[in-house]
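Q: 3D model of this:
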Amino acid sequence: MGLRLVSLLLAILCWLFVNTGEQQARTTVQVPVVYTGLHRGLVIINNRPRYVEVEVSGPRTLLSILDPERMRARLQLSDLAPGQTSLRLAPEMFNVPRHTVVTRVIPAEITLDVDRIEERELEVSPNLAGLPASGYRIASVTVAPKTITVRGPSRFVAPLEQVTTAPVDIEGANANLSEFVSVEKPAPRVILGKVTVQVAVTIAEVLSEREFHNLPIAVRDATYRFRLEPQRVSVTVRGPKLALARLDLSRAVFVDAARSKPGSQALPVHVALPNGVELVRQSPDKVTLFVYHERLPSQS
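A: Sure thing, here's the model as predicted:
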């Protein structure tokens with residue numbers, strides 16, 4: 001009697017298991033989407049889904065063993081041309097077990113935005129941040145290499161005129177500087193052929209002009225007593241601004257009387273200037289030296 005009862009219970013359990021497993025149900029799984037066959041020279045611009053939601057209906061036992069990787073859908077892109085294209089995800093594209101059915105796909109359609117890949121050579125423009133120290137200026141800026149290759153979707157690459165470096169700090173600079181800096185990415189999905197360049201900045205003093213009025217004219221190497229007319233001159237010089245601010249020309253102007261003989265003669269006015277400073281103009285250019293017959297006392 002006990003054995004019969006056990007057998008009956010086992011039979012009931014088997015019946016319940018089979019009937020429960022055969023009951024129809026629905027489930028949703030995340031299934032990968034694979035994109036293949038896109039021609040070289042083309043690129044997809046927009047963000048395309050890597051997974052879609054697939055709703056499957058069928059016996060519970062079969063739904064419990066669904067493998068999303070084996071269900072993956074493959075979209076063939078060999079016929080695509082530049083522009084936007086919508087591709088439908090049909091239920092039959094998903095590999096599901098027999099006796100199960102794909103009832104819904106979300107999204108049911110995928111839109112791809114395709115563009116041609118373009119490659120160009122663009123000039124690198126240095127991005128200087130700040131200003132040199134007071135009295136100094138930027139004399140020149142060089143970039144090595146001067147150009148780099150950029151590659152990417154035509155709609156992003158075609159409008160580009162140049163690429164720009166990361167900021168190069170020259171704030172307060174009073175000497176030349178050189179450093180390697182990165183190149184800023186000019187647009188999304190654009191690939192740079194070189195990501196760093198060398199930027200060299202030449203810093204020089206600001207040039208300006210300064211006028212000096214009524215400078216005394218010295219007479220050098222005179223042998224005889226003399227009289228000079230006029231005795232003062234005005235000059236304008238050009239050079240580094242900081243150097244001009246410190247420049248003293250009170251003893252820089254002279255005439256050379258070494259070969260002067262008694263009588264009157266016109267002599268050119270000379271201005272002794274330090275390196276880097278040049279004479280722009282002077283008034284007068286010449287003065288008259290009146291030389292007397294009386295010799296000057298010899299100096300031992």
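
Q: most centrally placed residue in the chain?
A: Central residue check for the chain by Cα atoms, centre = their mean: the C-alpha nearest the mean position is that of Thr165, 1.9 Å away.

Q: give the bridge partners for it, please.
A: For Thr165, the beta-bridge assignment (DSSP bridges) gives partners Val183.

Q: show me where the protein has helices.
A: The residue ranges that make up the helices of the chain, judged by DSSP state H, are 2-22, 60-63, 154-157, 241-246.

Q: how close does Phe156 get to Thr164?
A: As defined by Cβ to Cβ, to the nearest Å, Phe156 lies at a distance of 15 Å from Thr164. C-beta coordinates here come from the backbone N, C-alpha and C atoms, glycine included.

Q: these two: which is more packed in?
A: Phe156 (17 against 13; other Cβ atoms under 10 Å).

Q: where does the residue nearest to the more buried one when sequence neighbours are not counted land on pLDDT?
A: Closest residue to Phe156 apart from its sequence neighbours, by Cβ to Cβ, 6 or more residues apart in numbering: Ala187 at 3.9 Å. For Ala187, the model assigns a pLDDT of 91.

Q: Ala187 is in contact with Ala158, isn't it?
A: No: taking contact to mean Cβ atoms under 8 Å, the distance of 10.1 Å between Ala187 and Ala158 leaves them out of contact.

Q: out of those two, which sits in the busier spot?
A: Neighbours around Ala187 and Ala158, counted as other Cβ under 10 Å, are more numerous at Ala187. The numbers are 14 against 11.

Q: so where do the strands sit in the stretch 151-300 of the chain?
A: In order along the chain, the stretch 151-300 of the chain carries the following strands (DSSP state E, counting those that start in this stretch): 162-169, 177-182, 191-192, 196-205, 207-216, 218-220, 224-229, 232-240, 253-256, 263-268, 270-271, 278-283, 286-295.

Q: note down every partner strand of the third one and its orientation.
A: Which is strand 191-192. For strand 191-192, using DSSP bridges, the partner strands are strand 147-153 (antiparallel).

Q: over to the fourth one?
A: Strands that pair with strand 196-205, judged by DSSP bridges, come out as strand 136-144 (antiparallel), strand 177-182 (antiparallel).

Q: could you check the angle the longest one makes with strand 162-169?
A: Strand 136-144 and strand 162-169 meet at an angle of 130 degrees, taking axes from the mean of the first three to the mean of the last three Cα atoms, to 10 degrees as the criterion.

Q: for strand 136-144, buried residues please.
A: Using 16 or more other Cβ atoms under 10 Å as the burial criterion, the residues of strand 136-144 that qualify are Tyr136, Val143.

Q: gap between that strand and the chain center?
A: Here the centre of mass of C-alpha atoms in strand 136-144, compared against the chain's by Cα atoms, centre = their mean, to the nearest Å, lies 16 Å away.

Q: given the biggest strand by length in the chain, what are its sheet partners and their directions?
A: Ranked by residue count, the top strand of the chain under DSSP state E comes out as strand 109-129. Sheet pairing here is set by DSSP bridges, and for strand 109-129 it gives strand 42-44 (antiparallel), strand 83-88 (antiparallel), strand 147-153 (antiparallel), strand 162-169 (parallel).

Q: quick check: buried residues in the shortest one?
A: Read it as strand 42-44. Applying a neighbour-count criterion of 16+ other Cβ under 10 Å, the buried positions in strand 42-44 are Val43, Ile44.

Q: likewise for the longest one?
A: Within strand 162-169, the residues that qualify as buried by neighbour count (16+ other Cβ under 10 Å) are Val163, Thr165, Val168.

Q: next one: stretch 100-114
A: Buried, per 16+ other Cβ under 10 Å, within stretch 100-114: Thr100, Val102, Val105, Ile110, Leu112, Asp113, Val114.
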